[in-house]
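Visitor: Sequence plus the predicted model coming up.
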Amino acid sequence: MKKHLLKPTIILTGLVAFGCFNPEDYDTPPVSSDLIWLVSGNAKDVPANGATRAKVVVQISDKAAPGRRTVVFWTTSGAFVGGKGDSIAVEVDRNFRASAELTNTSPKKAEVYAKIRGISTVDSVRIDFIQAYPDKISSVTVDSFAVRANYKSEVWITASLGSGNGVPSMGYPVTFAVTQLDGKTSVGGFLNNNPVAKTDASGKARIRYSPGVTAYENFAIVKATTTTKKDPTPTDTTSRTTRIFILK
């Protein structure tokens, strides 16, 4: 007897789903609405901050054999919590349901699919991840305490950004500057003379700096600055500094 699809729901949650991975589950399967189907509906405006989770629920037939009770989820964008990036395998519970949670750091639309061995869902679930903006620069670090004043010497400067309980979406710009202790006179320069770097999936922006040939020998101020959606002017939370010693 054919199953009736349940009413779609949108679920955002903080629970984690785990499962066991089996390469056999990743063969291209036929489709069926009688043995496996998606319960959750499309989710909109989910922040792409790597922390907010969209939960996808699948129901399988209660007639499924014991060897066909592992559901594999996969997505076109984002990563499953506790999974292997864009996929995760989850055992169904006693109600023959399985769930997985998806996060993202890219503001993209994600299509989520699911299957048991040889059988996949007819439809997919769409989750719309939107831009997550930074609300702070939590730290600025340099990978060396000191650097020599020549063009062959360089260091990596890293700014770590936060957005709520996560990170800003990938590709958010951060501007760097290195000055003398007066905070105004520039010292050295950045790779390709570009002082701007963009955040990665972990909310970090990294840039290469060299003091070049300079007569300045002292501590220099290293500063990273960004802006928020609400306030385009840098504030105490969106601007951070550290120091590095420049040697002759």
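Guide: Nice, thanks for sending it over.

Visitor: Would you confirm that residue 161 belongs to a strand?
Guide: Yes: counting by DSSP: H, G, I helix; E, B strand; the rest coil, residue 161 is part of a strand.

Visitor: wait, it sits on residue 168?
Guide: Yes: counting by C-beta atoms under 8 Å, residue 161 touches residue 168, with 5.3 Å between them. Where you see a C-beta, it was placed from the backbone N, CA and C, and this is true even at glycine.

Visitor: ok, the two, which is more surrounded?
Guide: residue 168 (29 against 24; other C-beta atoms under 10 Å).

Visitor: residues shared between the contacts of residue 161 and residue 168?
Guide: 134, 199, 203 (C-beta atoms under 8 Å, 6 or more residues apart in numbering).

Visitor: Just the residues you listed: which are in strands?
Guide: Among the shared contacts of residue 161 and residue 168, DSSP state E puts none in strands.

Visitor: Compile those residues into a markdown table and extend it with columns for distance to residue 48.
Guide: Converted to a markdown table, these look like this (distance: C-beta to C-beta, whole Å):
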| residue | distance to residue 48 |
| --- | --- |
| 134 | 12 |
| 199 | 11 |
| 203 | 11 |
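
Visitor: Got a quick ChimeraX command for the buried subset of the residues you listed?
Guide: Buried residues within the shared contacts of residue 161 and residue 168, by 16 or more other C-beta atoms under 10 Å, are selected in ChimeraX with:
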select :134,199,203
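
Visitor: From the centroid of this protein, which residue is nearest?
Guide: Centroid-nearest residue in the chain, with C-alpha atoms, centre = their mean: residue 105, separated by 2.9 Å.

Visitor: Next up, the contacts around it.
Guide: 48-50, 132, 167, 169-170, 201, 203.

Visitor: cool, and residue 85?
Guide: With C-beta under 8 Å, 6+ apart, residue 85 has these contacts: residue 79.

Visitor: Secondary structure class of it, three-state.
Guide: Classified using three-state DSSP, residue 85 is coil.

Visitor: Just the helices from the protein, written as ranges.
Guide: Under the criterion DSSP state H, helices are not mapped anywhere in the chain.

Visitor: Could I get the contacting residues of residue 196?
Guide: Here residue 196 is in contact with 173-176 (C-beta under 8 Å, 6+ apart).

Visitor: Can you say which of those are buried?
Guide: Here, 16+ other C-beta under 10 Å leaves 174-176 buried among the contacts of residue 196.

Visitor: Dump those residues to JSON lines, plus pLDDT and distance to residue 75.
Guide: Listed next are the buried ones among the contacts of residue 196 as JSON lines, based on pLDDT from 0 to 100; distance: C-beta to C-beta, whole Å:
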{"residue": "174", "pLDDT": "96", "distance to residue 75": "28"}
{"residue": "175", "pLDDT": "96", "distance to residue 75": "33"}
{"residue": "176", "pLDDT": "97", "distance to residue 75": "34"}
